[in-house]
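generate a structure from the sequence data that follows.
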Amino acid sequence: MKALLMVTGRGMGGDAVTALNISKALTKKGVKCEFVLDRSAPGILLEKNGIKWHKIRIPQAGGHAATKLKLTKAGLKTSIAAMEAVKVIRKSKADVVVGVIGGGAIIGCISAKIARVPGVGVLNTPTDTRVCTRLNASIILPESNIFSQDSLPENLYKCYGPVNPDIIAGNKEEALKKMPESFDPTKNTIIFSSGSSLFEMMAQAAKNISLGEIDANILVVGHPLKEEFLNLFQNTNIIYLGYVDWVNDLLNLADVAVLSDDGVMIHEAIACKVPIVALNGVKYGRYHNMSRIFPGALMESSLENLQDTLKEALSHIGAMKKQAQKYGDDVLHSADKIADIVMEEAKKGRRK
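Residues are numbered from 1 along each chain as shown. Model (predicted):
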């Protein structure tokens, strides 16, 4: 069996990590996997894993913050992109197409339908949820606006974001080796991350805390969307680590993680039992109400209230870790659950 995974974004983190973790679970079950990225994507994550990929147009519409104008422009590009995708499906002789989030999900689901190949959408935005659930079986991630519904149609499946089970095998000592001399192991350590890309609000949040009342190691990860964001770190005690591919080690060093309220890193932190403060509105004003998904293990905060929320989290680390442990096993097995759904949908297609 062969699965073709279509992925939106730059292929550096986030959606690409989601796709890679699904592919690893599929591969363990004997499924061959190939990837499709937008032709402009650098694909750093796949490259680091020795994976080549097909290149087509995969338009983005701004995800949760999509405007009518962005949706219209993306819609005009979708028909061209879908036909490019159909060619790749036929050339690769895929048995199933997995469309991963946003534009990747939409192009994957539409092209699978045209090519008469089973398709599965992995969804977390209002746009991909509205489109893909009408076309194919779909996996609903926690950021989706329908995840919290009590019941869903039989071809829709709720799943936590897929993580690589190796995330819990990180080594704190390896992370310590990568720290500069300014790192103080006697202090609490707080990680700030908005994923593979560093957004301005997350950079501002790290600066505010570094200049505030909390005495801790402040670590910031992610490649800045704009280089000038790094100017915020001047004359602070912030340790900027840039783009990292050793998150498993890093999370073992963290006492608390300040994260954007979406994406795979929230699930990775939960798996590692790291207390989370979800900073709302980091990415284009999005809000996902993640505290309803992981109550007790995750606190939400605005930028203005972050210092007080962090103080509360730091004073309840033990209790938050205990709560995170309740969700850890389900999160660690989510990739396998998704892989099983994909394989079952592929078999249904063969029976038709």
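
which SS class is Pro142?
Recorded secondary structure, Pro142: coil (DSSP: H, G, I helix; E, B strand; the rest coil).

grab the nearest non-local neighbour of it.
Ile293 (4.6 Å; Cβ to Cβ, 6 or more residues apart in numbering). C-beta here means a position set from N, CA and C on the backbone, and glycine is covered the same way.

for this protein, longest strand please?
strand 188-198 (DSSP state E).

show me which residues of the helix or strand following that strand are buried.
Proceeding N to C from strand 188-198, the next assigned helix or strand is helix 200-210, under DSSP states H and E. Residues of helix 200-210 classed as buried: Met201, Met202, Ala203, Gln204, Ala205, Ala206, Lys207, Asn208, Ile209, Ser210 (neighbour count, 16 or more other Cβ atoms under 10 Å).

so the fifth one is in contact with Leu279, correct?
Yes: using Cβ atoms under 8 Å as the test, Ala205 is close enough to Leu279 to be in contact (5.7 Å).

ranges for the strands of the chain?
Using DSSP E, strands in the chain cover 2-7, 32-38, 53-56, 96-100, 119-123, 137-140, 156-158, 188-198, 216-224, 239-242, 256-260, 276-279, 298-301.

redo those strands as a markdown table? Include distance to Asn231 and mean neighbour count.
What follows is the strands of the chain, written out as a markdown table (distance: least, Cβ to Cβ, whole Å; neighbours: other Cβ atoms under 10 Å):
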| stretch | distance to Asn231 | mean neighbour count |
| --- | --- | --- |
| strand 2-7 | 32 | 28 |
| strand 32-38 | 30 | 22 |
| strand 53-56 | 34 | 18 |
| strand 96-100 | 34 | 33 |
| strand 119-123 | 36 | 31 |
| strand 137-140 | 39 | 25 |
| strand 156-158 | 42 | 18 |
| strand 188-198 | 12 | 24 |
| strand 216-224 | 10 | 22 |
| strand 239-242 | 11 | 17 |
| strand 256-260 | 20 | 26 |
| strand 276-279 | 20 | 25 |
| strand 298-301 | 24 | 21 |
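
can you tell which of the ones you listed is closest to Leu45?
strand 188-198 (7.7 Å; Cβ to Cβ).

re earlier: mutual contacts of Ala205 and Leu279, please.
Val258, Leu303, Leu306 (Cβ atoms under 8 Å, 6 or more residues apart in numbering).

now the strands of the chain in TSV, with distance to His316 and mean pLDDT?
Formatted as TSV, the strands of the chain follow (distance: least, Cβ to Cβ, whole Å; pLDDT from 0 to 100):
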stretch	distance to His316	mean pLDDT
strand 2-7	37	97
strand 32-38	41	97
strand 53-56	43	95
strand 96-100	35	97
strand 119-123	33	96
strand 137-140	30	96
strand 156-158	28	96
strand 188-198	13	94
strand 216-224	15	96
strand 239-242	24	96
strand 256-260	10	96
strand 276-279	11	96
strand 298-301	9	96
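
mind putting the ones you listed in JSON lines, distance to Lys77 included?
Below are those laid out as JSON lines (distance: least, Cβ to Cβ, whole Å):
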{"stretch": "strand 2-7", "distance to Lys77": "14"}
{"stretch": "strand 32-38", "distance to Lys77": "11"}
{"stretch": "strand 53-56", "distance to Lys77": "11"}
{"stretch": "strand 96-100", "distance to Lys77": "16"}
{"stretch": "strand 119-123", "distance to Lys77": "18"}
{"stretch": "strand 137-140", "distance to Lys77": "22"}
{"stretch": "strand 156-158", "distance to Lys77": "26"}
{"stretch": "strand 188-198", "distance to Lys77": "22"}
{"stretch": "strand 216-224", "distance to Lys77": "26"}
{"stretch": "strand 239-242", "distance to Lys77": "32"}
{"stretch": "strand 256-260", "distance to Lys77": "27"}
{"stretch": "strand 276-279", "distance to Lys77": "32"}
{"stretch": "strand 298-301", "distance to Lys77": "35"}
